[in-house]
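Q: Below is the sequence, then the predicted model.
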Amino acid sequence: MDVTRYKRLFGDTPTDVPHASDSGLTDRELIDIAKNLGSEWKQLGLCLGFTSDNLYQFEHDNRGNIQGAMVSMLGAWHKKSKRSQLTDALRNVERNDLVRKVDDM
């Protein structure tokens with residue numbers, strides 16, 4: 001995702017500074033996770049507590065850009081959640097490769 005697109009979604013440039021949330025993940029790390037997600041992104045969203053309507057809205061807001069929808073979802077999750085919730089959800093959708101990646105971040 002380029003910086004211009006990121007600014008439209010989040011209003012700032014991606015940083016390497018963790019947000020105030022308990023996840024401790026940076027913007028760039030969230031983008032990296034989104035780049036590695038596949039078709040299981042909606043299942044992951046449900047595991048993170050989003051509704052089907054929320055997921056539809058992420059898709060609608062990003063019109064045909066699934067990676068953008070994934071980044072939007074992770075950004076919305078990131079504002080209020082803990083890293084352990086993401087790793088638990090990734091385990092639930094059998095993405096242990098991304099669990100290891102998050103653990104290494």
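A: That came through fine.
Q: low-scoring pLDDT stretches of this structure, where are they?
A: The model of the chain has pLDDT under 70 over residues 1-24.
Q: Look through it and tell me its longest helix.
A: helix 66-78 (DSSP state H).
Q: Skip the chain neighbours and tell me the closest residue to the residue positioned nearest the centre of the chain.
A: Nearest residue to the geometric centre of the chain (Cα atoms, centre = their mean): Leu74, 2.1 Å. Once flanking residues are discounted, Leu74 sits nearest to Leu30: 4.6 Å by Cβ to Cβ, 6 or more residues apart in numbering. In short, each C-beta sits where N, CA and C put it, glycine included.
Q: Wait, the one you found touches Ser72, no?
A: No. Counting by Cβ atoms under 8 Å, Leu30 stays clear of Ser72, with 10.2 Å between them.
Q: Show the contacting residues for Leu86.
A: Counting by Cβ atoms under 8 Å, 6 or more residues apart in numbering, Leu86 makes contact with 23, 25, 33, 48, 77, 102.
Q: Okay, and it sits in which element?
A: helix 83-92 (DSSP states H and E).
Q: Next SSE downstream of that helix?
A: Toward the C-terminus from helix 83-92 - assigned by DSSP H and E - lies helix 96-104.
Q: Now do the buried residues in that next one.
A: Buried positions in helix 96-104, judged by neighbour count with 16 or more other Cβ atoms under 10 Å: 98-99, 101-102.
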